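> Next one to model:
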Amino acid sequence: MKLSAIIATLVGLGIAAALVMMSGAADIGRAILAAGWGIVLVLALHVPQMICSGQAWRSVVISPATPSPLSFLGLRLIREGVNALLPVAQIGGEFVAARLMALRGVSLSAAGAGVTVDLTLEMLSQVAFTLLGLGLLLIGVQDMQIVRWTIVGTSVALGVLALFICVQRFGLFSWLERGLLRLAEKQNWKGLKDVAGLHQDIVALYKSPRRLCLGTGFHFLSWLLGGAEVWAAFHVVGVPVGWRESLIVESLGQAFRALGFAIPGALGVQEGGLVLICALLGIEQQAALELSMLKRVREIILGVPGLVAWHWIEGRNLAGKAGASPQDDISPEKTA
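Residues are numbered from 1 along each chain as shown. Okay, here's the model as predicted:
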């Protein structure tokens, strides 16, 4: 684990812990425990988001060995688990995802291209979702001073997203190709030469409007469904909010989380962003942190099985059990 990741994690944990302590850690804990089976509802509402995200991802993978939609749900589970729970920047799961698709028979270049374009479309759709949230926010908010600061913070987050999209034209493809080559060499992956076609595969995907539109549309639907998860999370801790407030909190909250992409799990950034956004809507700081804690609980409950499944797949691959295929199923039924 790199020193920078350790420092970022500690700083993020410190900010999150300070916010929780200032708002009453005991009260927040009691609210989470009192949610009871309501937490199951929050978990259940995240599954449709993963399904949509998985379909968006599948639409930009060009290979005869493209996994089934159900398997992409399992892949998405693993990808989110890596990004949320491991001490890596929030794109570490994409490298793991490319590796797992390669184990299923997809060439590393096609897998890497699919992951890269999928991440780009996810960010592009997030820009549209964030703008929707900003538009909803500006309707009926009186404190323009806080609104201005929120717009500044959101604009910075949008700038980070736009930068990622733009730099693809200035060497990101080659960087990702070199990164996969180094990782493949280090892990002694088979099919190493397949990575060499990554750039061409990405360019080919950008020449397919149908795939790009499908991917963007599914991702945007996934973002919208996130508003339902926020609505449910608030209600299970006894904070009644409407759909407008839920969409605003989710859209701008995710933008702030994107701003903390270099911090594992966006620790501290997510909490601070939600506190600021909820303040604009008259939602108490304690409720904002309860929402954040519910999101963290969901990440752990869904992420741990994803990490277990990943290590199980890698273990089977290394063990080379008799009769094992590199295309072992990783659909959700086998992640339990």
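> Could you list the low-confidence segments of this protein?
Counting by pLDDT under 70, the low-confidence segments of the chain come to 1-5, 88-91, 140-151, 153-154, 156-158, 160-197, 320-336.
> which residue is nearest the middle of it?
Geometric centre of the chain, nearest residue: E80, 5.5 Å, by Cα atoms, centre = their mean.
> That one reaches L307, doesn't it?
No: counting by Cβ atoms under 8 Å, E80 stays clear of L307, with 10.1 Å between them. All C-beta atoms are positioned from the backbone trio N, CA, C, and that covers glycine.
> rewinding a little: distance of the residue nearest to the centre of the chain from G93?
From E80 over to G93 the distance is 7 Å, taken as Cβ to Cβ, to the nearest Å.
> Can you list the residue ranges for helices in the stretch 201-336 of the chain?
209-236, 243-259, 269-280, 285-319 (DSSP state H, counting those that start in this stretch).
> Show me what the last one is packed against.
If I follow you right, that is helix 285-319. helix 3-23, helix 25-35, helix 38-58, helix 69-85, helix 92-103, helix 209-236, helix 269-280 (3 or more Cβ pairs under 8 Å, 6 or more residues apart in numbering; DSSP states H and E).
> want to throw those helices into TSV with distance to L136?
As requested, the helices and strands packed on helix 285-319 are exported to TSV (distance: least, Cβ to Cβ, whole Å):
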stretch	distance to L136
helix 3-23	25
helix 25-35	26
helix 38-58	19
helix 69-85	26
helix 92-103	30
helix 209-236	10
helix 269-280	11
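> F129 is nearest to which of those helices?
Closest approach to F129 among the helices and strands packed on helix 285-319 is made by helix 209-236 (4.0 Å; Cβ to Cβ).
> quick one, the closest one and helix 269-280 angle?
Relative orientation of helix 209-236 and helix 269-280, computed by axes from the mean of the first three to the mean of the last three Cα atoms, to 10 degrees: 70 degrees.
> Off-centre distance for helix 209-236?
12 Å (Cα atoms, centre = their mean, to the nearest Å).
> Could you check the angle it makes with helix 243-259?
Relative orientation of helix 209-236 versus helix 243-259 (the same axes, to 10 degrees): 110 degrees.
> Enumerate the positions of helix 209-236 that are buried.
By neighbour count with 16 or more other Cβ atoms under 10 Å, helix 209-236 contains the buried residues 211-212, 214-236.
> could you dump the helices of the stretch 201-336 of the chain to TSV with distance to L138?
TSV is the format used below for the helices of the stretch 201-336 of the chain (distance: least, Cβ to Cβ, whole Å):
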stretch	distance to L138
helix 209-236	17
helix 243-259	10
helix 269-280	10
helix 285-319	20
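> Please name whichever of the ones you listed is nearest to P67.
Once the helices of the stretch 201-336 of the chain are compared by Cβ to Cβ, helix 285-319 is nearest, at 12.4 Å.
> quick one: buried residues of that closest one?
Neighbour-count burial for helix 285-319 flags 285-299, 302-303, 305-307, 309-310, 313, 317 (criterion: 16+ other Cβ under 10 Å).
> can you give me the angle it makes with helix 243-259?
Relative orientation of helix 285-319 and helix 243-259, computed by the same axes, to 10 degrees: 50 degrees.
> now helix 285-319, how far from the centre of its chain.
When C-alpha coordinates are averaged (Cα atoms, centre = their mean), helix 285-319 and its chain have centres 11 Å apart.
> Check stretch 126-133 too.
Going by Cα atoms, centre = their mean, where stretch 126-133 is centred and where its chain is centred differ by 16 Å.
> quick one, phi psi at G242?
Here is the backbone geometry of G242 (degrees, to the nearest 10): phi -100, psi 180.
> Kindly report the same for L281.
L281 adopts backbone torsions of phi -100, psi 10, taken as degrees, to the nearest 10.
> My guess is it contacts I248. True?
Yes: counting by Cβ under 8 Å, L281 does reach I248; the two are 6.5 Å apart.
> Many thanks, I have nothing further to ask.
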